[in-house]
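Coordinates only, no sequence provided:
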């Protein structure tokens, strides 16, 4: 796979664009633990084109995050082109990704995200306009269709390729499925076989073994990990072990989990501000980092009540001390 050009591995692992999760602190943690490529949260082309500072701030990244793509969405080709040009000029990411996959109502109600899939003429027009507006590689993320009556991922993907997409990610569910049912990996295999550009598989990757299984099942050029990464950046390194034919490294200990959680939290404080708001928004990450641990339910109750990151450090210390005392007894 020659996209992105700076990636060393034959089968790169991507961190998916996810609102409220794929922010700079988490992208940096995932890069540190083996993600080859990261992508920003999906960002409104209208907000970019209007120069709204809050929206522009969502696209800022640090050099350690490269290679990184900025993902934009919208249903107006001219506005999408303007946004792509501004992204290129202001931030110079490694590529620009177009979101044709988001199923969220607030995005699709204006025909953005997967709403575009109801009009392939619009999809082609957006891709061509964005290609004309930037010298950067342009990629797309799609679903298998709007609903079962319009489910034809191979045709959609071929049209995206013909319009100029230089890589394509498929989440093989329709928009109406949202996240229900199983992702149809057969469709990823069919699209990978039909296209000449790299095809990245996405959907139902929860474990390192799932990564290897998707690669073997679909022959996709790369694999994008979404919700499976929540509180689990180690998934990337463990998956790389399996892809490279090595024994999978051990799961992190509670102490390692908490250390990474606090490292992630400190990045959030530095990049997003040492405020109560940052701590409140970070509660979800602490909840994910503690999943599966003994006493996790009680631990999460405490963490979901924090007002500052310092409180989380105390809670983790008490948990580890209590666990050590139980073992000693």
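It's in. Source: prediction; values computed, not measured.

ranges for the strands of the chain?
13-15, 37-44, 68-73, 95-100, 138-145, 168-174, 199-202, 222-225 (DSSP state E).

out of those, nearest to residue 6?
Nearest to residue 6, of all these, is strand 37-44, at 8.9 Å by CB to CB. Just so you know, the C-beta spots here come from the backbone N, C-alpha and C atoms, and that holds for glycine as well.

Remind me what the closest one packs against, helices and strands.
Here strand 37-44 touches strand 13-15, helix 24-32, strand 68-73, going by 3 or more CB pairs under 8 Å, 6 or more residues apart in numbering; DSSP states H and E.

In CSV: these, plus mean neighbour count and distance to residue 321.
Compiled in CSV, the helices and strands packed on strand 37-44 are given as follows (neighbours: other CB atoms under 10 Å; distance: least, CB to CB, whole Å):
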stretch, mean neighbour count, distance to residue 321
strand 13-15, 26, 33
helix 24-32, 22, 25
strand 68-73, 26, 39
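
Adding mean pLDDT, write the ones you listed out as a markdown table.
What follows is these, written out as a markdown table (pLDDT from 0 to 100):
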| stretch | mean pLDDT |
| --- | --- |
| strand 13-15 | 98 |
| helix 24-32 | 97 |
| strand 68-73 | 96 |
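
looking at those, which is closest to residue 308?
Per CB to CB, nearest to residue 308 of the helices and strands packed on strand 37-44: helix 24-32, 16.4 Å.

chain center to the closest one, what's the gap?
11 Å (CA atoms, centre = their mean, to the nearest Å).

quick revisit: and the strands of the chain: which comes nearest residue 246?
strand 13-15 (14.7 Å).

Direction included, what does that closest one pair against?
Here strand 13-15 has these sheet partners by DSSP bridges: strand 37-44 (parallel), strand 222-225 (parallel).

Which of those sits closest to residue 214?
So among the strands paired with strand 13-15, strand 222-225 is nearest, using CB to CB, at 5.7 Å.

one step back: let's have the helices and strands packed on strand 37-44 in TSV, adding distance to residue 146.
Converted to TSV, the helices and strands packed on strand 37-44 look like this (distance: least, CB to CB, whole Å):
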stretch	distance to residue 146
strand 13-15	24
helix 24-32	30
strand 68-73	15
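
Indicate which one of the ones you listed is closest to residue 268.
Of all the helices and strands packed on strand 37-44, helix 24-32 comes closest under CB to CB, at 4.4 Å.

follow-up on the earlier one: and of the helices and strands packed on strand 37-44, who's closest to residue 310?
Across these, closest to residue 310 is helix 24-32 (CB to CB), at 17.2 Å.

what angle sits between that closest one and strand 68-73?
Angle, helix 24-32 to strand 68-73, by axes from the mean of the first three to the mean of the last three CA atoms, to 10 degrees: 130 degrees.

Summarise which helices and strands helix 24-32 is packed against.
Against helix 24-32 (3+ CB pairs under 8 Å, 6+ apart) you get strand 13-15, strand 37-44, helix 254-272.
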